[in-house]
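**Student:** Structure, please.
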Amino acid sequence: MTDAALDALQQRLGHSFAQTALLTRALTHRSHGSAHNERLEFLGDAVLNMAVSALLYQRFSGSDEGDLTRVRAHLVREESLHRAALALGLPQVLRLSEAETRGGGAQRASILADALEALIGAAFLDGGYDAAQRVVRKLFGELIDSTETDNWTKDPKTELQEWLQARRLAVPGYRIVATRGQAHAQTFEVECQVAPLGLAERGEGRSRRAAEQQAARRMLELLKASDRPGSPLRS
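**Tutor:** Sure, this is the predicted structure:
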């Protein structure tokens, strides 16, 4: 990772780091060493949600909480972060172990999404909330400005919760039932439970969030298939 590559990244990011160590750490995967980006990722996740919420609040002044929550969920999910990371050129600047690099880690969605959140966290520590918000606007502003809430379908977890609430049933519960793989490349297996109906479905993903969404999608498919005349699930 050369100085020129870091300079180019900062130009694309819209923030020049006063503390270059923060930038380096944000780009360092767990497999590379102990000074990795997971704590910055934790911080960046919170900052990202706050900054995106503020942008959506300004953009969609006539939308209710449900619409804003649905759009935000799509913007901050792994798939969207992965696309933004690719556009930013993160695969070329990530610091990975040789084994992780050979295994294609620089293109892995979960690693890239985590690194993007870490960069946002690093920008927050380096320049405060205003700097982090400028980075988020650089990454997502054009998409937010050009979209409408109707363009975003509900994610499976949201749709499942609303489906159950419409039938006056308790919201589903989620629990991790298994994790596989090394710490830096884990696969999560999550169970979605609808206790009042005695139903459970499982999903897998490279993050807990992705596994929960898959489990919720499978539960929805099961419930909708059963929601027919004569079924006890039909309201």
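**Student:** For the rest of this, base every contact and every neighbour count on C-alpha atoms.
**Tutor:** OK.
**Student:** Just after whichever strand or helix holds Glu201, pick out the following helix or strand.
**Tutor:** Under DSSP states H and E, the secondary-structure element containing Glu201 is strand 199-205. Along the chain past strand 199-205, the next helix or strand (assigned with DSSP H and E) turns out to be helix 208-226.
**Student:** Show me which residues of that following helix are buried.
**Tutor:** Buried positions in helix 208-226, judged by neighbour count with 16 or more other Cα atoms under 10 Å: 208-220, 223.
**Student:** just stretch 53-71 next, same as before
**Tutor:** By neighbour count with 16+ other Cα under 10 Å, stretch 53-71 contains the buried residues 53, 55-56, 59-60, 67-68, 70-71.
**Student:** quick one: contacts of it?
**Tutor:** Applying Cα atoms under 8 Å, 6 or more residues apart in numbering, the external contacts of stretch 53-71 come out as 72, 137, 141, 144-145, 149, 152-155, 158.
**Student:** Contact partners for Ile111?
**Tutor:** 29, 105.
**Student:** And it, what's its pLDDT?
**Tutor:** Residue-level confidence at Ile111 comes out at 93, pLDDT.
**Student:** State the helix or strand in which it lies.
**Tutor:** Assessed by DSSP H and E, Ile111 sits inside helix 109-146.
**Student:** Now that helix: buried residues?
**Tutor:** Buried residues in helix 109-146, counted by 16+ other Cα under 10 Å: 109-126, 129, 131-137, 139-141, 144.
**Student:** Would you mind giving the domain segments of the chain?
**Tutor:** Each structural domain of the chain that the record assigns through automatic domain parsing is listed here as a residue range: 3-148, 156-226.
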